[in-house]
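Novice: Requesting a structural model of the entry that follows:
(one chain, ligands or ions: 1)
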Amino acid sequence: MPIKLAANAYGKNAVNLSRVIRHAGHHEFRQVSVSVQLTGDFEAAHTLGDNSLILPTDTQKNTVYALAKEHFTGTIEAYGLVLARHFVSRNPQVSKARIELLEHGWQRMHFDGQDHPHAFTGGGSEKRRAVVELTADGTTTVWAGLKGLMLLKTADSGFVGYPKDEYTVLPETTDRILATECEAEWEYISADLDFEALYQKIRTGLLRTFSAHQSLSVQHTLYAIGEKILEQNDEVKEISLIMPNKHHIPFNLTPFGQENTNEVFVATDAPFGYITGTVVRG
Ligand SMILES: O=c1[nH]c(=O)c2[nH]c(=O)[nH]c2[nH]1
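Specialist: From the prediction side, this is the model:
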């Protein structure tokens, strides 16, 4: 049986780029981690050690910085498109460029009713994400999303009606804390959209649905969020959500002569429920 190279790709991961945009009275600050992955005619490099078609990952990294001055001035989706087009148009051996961008959200400081012109605080665990894929035949796909978004609510969540066996001890509840660290990724129908406005609208829709939903389970809320995003945004083809169940377990206060009326909990890190799903049209 002959042996041959199957799927392969290469590129530079985690190119950490930050950018100041200097306006007359204030500065903007952006920080993004960019990963480049190229697919194409790289067989000879693997089988013969022939590097004649291998654009070095070092060059890819430099390109991320070099194009940033002129082109990283808007959304991460837009910059991903610039990079993908650059690598595909300049390298005929590349059949597909995939650019992943993860943005750290710096928030402008605000004192006495005024925005500070050039000082920021870190955005915490939440990061905005974009992925752009461009193939040599011109097919462009854009995904956007977020990760590390901490969500919690103290009402309108329960979990009842599940099967019980000899190992079940979980009490049914119609009033529990619902908490998650949400990750979402959605695919757009086009590469020519107002990515900033759509991102803000989708993020707000996600928060609104989470807060308003009469949740019968994490699964129920995950689907409600996906359904709402698709209903409200024709530009979104499908959405995938990861919603780990960050349990807050009522603490037993009876040994101390107190009744716990759903006020004191053990906040647990692990183990945690891991709930994922994709919601599509049709
Ligand atoms: O919303 C929930 N979904 C589950 O699948 C599950 N399983 C569990 O123990 N608690 C919960 N809560």
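Novice: drop to CA atoms for contacts and neighbour counts, all remaining ones
Specialist: OK.
Novice: burial of the residue of the stretch 101-250 of the chain found nearest the ligand, as a residue count?
Specialist: Nearest residue of the stretch 101-250 of the chain to the ligand (C-alpha to the nearest ligand atom) works out as Ser217 at 3.3 Å. As a burial measure, Ser217 scores 15 neighbours (other C-alpha atoms under 10 Å).
Novice: Likewise for Leu170?
Specialist: Applying other C-alpha under 10 Å, we find 10 residues neighbouring Leu170.
Novice: what does Val94 give?
Specialist: 22.
Novice: repeat for Arg128
Specialist: Neighbour tally, Arg128, other C-alpha under 10 Å: 21.
Novice: coming back round to it: residues in contact with the residue of the stretch 101-250 of the chain closest to the ligand?
Specialist: For Ser217, the contacting residues are Ser157, Gly158, Phe159, by C-alpha atoms under 8 Å, 6 or more residues apart in numbering.
Novice: residues in contact with the first one?
Specialist: Shown in contact with Ser157 (C-alpha under 8 Å, 6+ apart): Thr174, Asp175, Arg176, Ile177, Leu178, Gln214, Ser215, Leu216, Ser217.
Novice: Name the surrounding residues that touch stretch 166-183.
Specialist: By C-alpha under 8 Å, 6+ apart, stretch 166-183 touches 145-161, 218, 241-248, 262.
Novice: PyMOL command for the buried members of those?
Specialist: To isolate the buried subset of those in PyMOL, counting by 16 or more other C-alpha atoms under 10 Å, use the following:
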select buried, resi 145+146+147+149+155+156+157+158+159+218+241+242+243+244+245+246+247+248
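Novice: so of the contacts of stretch 166-183, which ones are in helices?
Specialist: Among the contacts of stretch 166-183, the members found in helices (DSSP state H) are Val218.
Novice: just the helices in the stretch 151-282 of the chain please.
Specialist: For the stretch 151-282 of the chain, the helices defined by DSSP state H, counting those that start in this stretch occupy 195-212, 218-232.
Novice: quick one, phi psi at Pro171?
Specialist: phi -70, psi 140 (degrees, to the nearest 10).
Novice: Just the buried subset of the contacts of Ser157, please.
Specialist: Here, 16+ other C-alpha under 10 Å leaves Arg176, Ile177, Leu178, Ser215, Leu216 buried among those.
Novice: could you dump the helices of the stretch 151-282 of the chain to a markdown table with distance to Gly113?
Specialist: Shown next, in a markdown table, are the helices of the stretch 151-282 of the chain (distance: least, C-alpha to C-alpha, whole Å):
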| stretch | distance to Gly113 |
| --- | --- |
| helix 195-212 | 23 |
| helix 218-232 | 33 |
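Novice: what's the most buried one of the ones you listed?
Specialist: Mean neighbour count (mean count of other C-alpha atoms under 10 Å) peaks for helix 218-232 among those, with a mean of 19.
Novice: quick one: contacts of it?
Specialist: 178, 202, 205-206, 209-210, 213, 215, 236-241, 243, 245, 275-281.
Novice: ok, which of the contacts of Ser217 also contact the ligand?
Specialist: Residues of these in contact with the ligand (C-alpha under 6 Å from any ligand atom): Phe159.
Novice: Contacts for stretch 77-88, please.
Specialist: Here stretch 77-88 has contacts from 64, 67-68, 71-73, 94-101, 130-136, 142, 144, 195, using C-alpha under 8 Å, 6+ apart.
Novice: which of these are buried?
Specialist: 64, 68, 71-72, 94-101, 130-136, 142, 144, 195.
Novice: Among these, which ones are in strands?
Specialist: Secondary structure from DSSP state E places 94-101, 130-135, 142, 144 of the buried ones among the contacts of stretch 77-88 in strands.
Novice: Need the pLDDT of the nearest residue to Ser211 once chain neighbours are set aside.
Specialist: Distances taken as C-alpha to C-alpha, 6 or more residues apart in numbering put Lys153 closest to Ser211, at 6.8 Å, once the chain neighbours are dropped. Per-residue pLDDT puts Lys153 at 98.
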